[in-house]
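Enquirer: what's the 3D shape of this:
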Amino acid sequence: MGRGNCSRKRRRWRYFSDAERSKLEALVDDLRRRNGPIRRWRLPTGAWAETLGRDPSSVRRELLRGRMRMGSEDTFVHWCYSARLSAERSRAAASRKGRECDIDRRRDDRTFTSGVAALTQTLLRKSTLKATEGFYSIYAAIEVTKRQVPGFSVSESSVRNWIRAGRLANLTMAKVAIWRRSPSPKDKRTFPCRAKSKQGHHIADRPKEVDELKAYGHCEGDTIVSCSGDTTALYSLIERISDFQWTVKMSRNTEQCLHGALRRIVDSGAGIRTLTHDNGMESRRVKTIERILRAGGATGTCAFYADAYASNQRARNEKNHTFHRRFLGHGRLAKHSQRTVHKVNDFINDYPRRRFYGKSAREVRDILIAGGTPKIRPRPLKKWERAKASV
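Expert: Residues are numbered from 1 along each chain as shown. Predicted coordinates:
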């Protein structure tokens, strides 16, 4: 059959009418009178579909919807079809259809209404840093609401439909949309920079367990610089498995300030085993960095540096910088205190993540420290990665 006779248009689905159910019940009764009790549910649905003018699959579903058991185990069991029972079940199914995503039909459910109100407040953006409960994505807002209102459950697509339809007060898709950095090209070139000032080891010399993500304590570090004319910077350090982050404010983006910030993180009991920095001048004293890490319990070679112009080698570190930019912006960092930076950092560590099935980085870190194995969603391969793997 040619493709010209095929239609991709989806036909509208509908229940059987009462007249069609009565005709189907008559066909089943006629078969039972001629052949005796129906011991097995094997019926000529194809011939009945032609008689009723419906699809065979629709007839099979209708027979299952109105199937009724007759007799007892002591005597014998046979089956029959009841049009009345099928009509009752279809009405009950129609009343439940769309209930989970319809706000008006669940007004009497107090758990649902309080959950929707809490979800709306969670999604509303805050203009200041005094309330860091804002700036949530739809998925994260749902996870936060589930913890606030036990028993509340809603899908992400339903919330998105509510916002588009204007059912949530003062919320639009423009307000809940979160800025995302454009992905780097797959053929991005890296420039190895083994400068003489670098006294450590290249990223290619890291142990295999660092890339396999099988042990806790392998971190990535970088600095977040301020705007022109401001020497203030933030030192950001993230653990590769749990995405748990430490952030310290530095008065200047220099080697001495970076070493002091790293000492504060190590003294807090971070448990760093290896640390990978970028190729910046502030992190060039690798031997000093190794000395600080060994004071915190690290052994062997523990300091590495990435290639120049290759931020994709420290993707987790760069990605988490977008969280800081949501609150601190791209302007002067000197106007924000260390207390504010810690508040933003706590918000990042308590943020529900899809990668961890709704758990936060702090919860995953606690599981790893306790010796457990957290449930982590595997990263889907991109199109060019699938093509490369199939070769």
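
Enquirer: And R39, what's its pLDDT?
Expert: R39 carries a pLDDT value of 67.

Enquirer: does the closest residue to S268 other than its chain neighbours have beta-bridge partners, and which?
Expert: Leaving out its chain neighbours, the residue that sits closest to S268 by Cβ to Cβ, 6 or more residues apart in numbering is W246, at 7.4 Å. Bear in mind the C-beta positions are built from the backbone N, C-alpha and C, glycine included. Taking DSSP bridges as the rule, W246 bridges to L237.

Enquirer: so what's W246 up against?
Expert: 236-238, 265, 268, 270, 345 (Cβ atoms under 8 Å, 6 or more residues apart in numbering).

Enquirer: now, which of those residues sits nearest V116?
Expert: Using Cβ to Cβ, N345 is the member of the contacts of W246 that lies nearest V116, at 30.4 Å.

Enquirer: Contact partners for the residue nearest to the closest one when sequence neighbours are not counted?
Expert: Spatially, and ignoring its direct neighbours in sequence, N345 is nearest to T247 (4.3 Å; Cβ to Cβ, 6+ apart). Counting by Cβ under 8 Å, 6+ apart, T247 touches 234-237, 324, 341-342, 344-345.

Enquirer: same question, R89
Expert: Applying Cβ under 8 Å, 6+ apart to R89 gives the contacts 65-66.

Enquirer: how far away is it from L64?
Expert: As judged by Cβ to Cβ, to the nearest Å, R89 and L64 stand 10 Å apart.

Enquirer: so where's the stretch 1-150 of the chain uncertain?
Expert: 1-13, 39-41, 71-77, 96-101, 125-134 (pLDDT under 70).

Enquirer: In contact with A306, which residues?
Expert: Applying Cβ under 8 Å, 6+ apart, we find A306 in contact with 203, 276-279, 313-314.

Enquirer: Just the buried residues from the contacts of T247, in ChimeraX please.
Expert: Buried residues within the contacts of T247, by 16 or more other Cβ atoms under 10 Å, are selected in ChimeraX with:
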select :234,235,236,237,324,341,344,345
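
Enquirer: Any idea which of the contacts of T247 the model trusts least?
Expert: pLDDT is lowest at H324 among the contacts of T247; the value there is 83.

Enquirer: In contact with that residue: list those residues for me.
Expert: H324 makes contact with 224, 234, 236, 247, 344, 348 under the criterion Cβ under 8 Å, 6+ apart.

Enquirer: For the residues you listed, could you give me TSV that also reports distance to R84?
Expert: Formatted as TSV, the contacts of H324 follow (distance: Cβ to Cβ, whole Å):
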residue	distance to R84
I224	70
L234	71
S236	68
T247	67
V344	63
I348	59
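
Enquirer: returning to that earlier point: so what's the residue nearest to S268 scoring on pLDDT?
Expert: You'll see W246 listed with a pLDDT of 94.

Enquirer: With the one 3 residues further on instead?
Expert: Confidence per residue is given as pLDDT, and for K249 that number is 92.

Enquirer: likewise the one 4 residues further on?
Expert: Per-residue confidence at N253 stands at 87 (pLDDT).

Enquirer: ok, the residue lying closest to it once chain neighbours are set aside - contacts?
Expert: Closest residue to N253 apart from its sequence neighbours, by Cβ to Cβ, 6+ apart: A233 at 3.9 Å. For A233, the contact set (Cβ under 8 Å, 6+ apart) comprises 223-226, 249-250, 252-253, 257, 333.

Enquirer: Which members of those occur in strands, if any?
Expert: Using DSSP state E, 223-225, 249-250 are the members of those that sit in strands.

Enquirer: quick check, nearest of these to I376?
Expert: I376 has its nearest neighbour among the ones in strands among the contacts of A233 in I224, at 26.1 Å by Cβ to Cβ.

Enquirer: show me the contacts for T120.
Expert: Contacts of T120 (Cβ under 8 Å, 6+ apart): 168-171.

Enquirer: Am I right that it is in a helix?
Expert: Yes. Per DSSP: H, G, I helix; E, B strand; the rest coil, T120 lies within a helix segment.

Enquirer: any idea how far D211 is from it?
Expert: According to Cβ to Cβ, T120 and D211 sit 42 Å apart.

Enquirer: And for T274?
Expert: T274 sits at a distance of 11 Å from D211 (criterion: Cβ to Cβ).

Enquirer: Count the residues that sit near P380.
Expert: Other residues near P380 come to 7 when the count uses other Cβ atoms under 10 Å.

Enquirer: just G46 next, same as before
Expert: Neighbours of G46 under the rule other Cβ under 10 Å: 10.

Enquirer: Please apply the same query to D109.
Expert: The number of residues packed around D109, counting by other Cβ under 10 Å, is 14.

Enquirer: Next, give phi and psi for it.
Expert: Torsion angles at D109 (phi, psi; degrees, to the nearest 10) stand at phi -80, psi 110.

Enquirer: Name all residues that make contact with it.
Expert: So D109 contacts nothing (Cβ under 8 Å, 6+ apart).

Enquirer: Equivalent analysis for F356, please.
Expert: Residues near F356 by Cβ under 8 Å, 6+ apart: 363-364, 374-377.

Enquirer: neighbour-wise, which of T274 and D211 wins?
Expert: For T274 and D211, the more surrounded residue by other Cβ under 10 Å is T274, and the numbers stand at 23 against 11.

Enquirer: check which helix or strand covers the residue lying closest to S311 once chain neighbours are set aside.
Expert: Nearest residue to S311, sequence neighbours excluded (Cβ to Cβ, 6+ apart): E318, at 4.8 Å. Assigned by DSSP states H and E, E318 falls within helix 315-328.

Enquirer: and if you look at R69?
Expert: Taking DSSP H and E as the criterion, R69 maps to strand 67-71.

Enquirer: can you pull the buried residues of the following helix or strand past that strand?
Expert: Downstream of strand 67-71, the first helix or strand assigned by DSSP H and E is strand 77-81. By neighbour count with 16+ other Cβ under 10 Å, strand 77-81 contains the buried residues 79-81.
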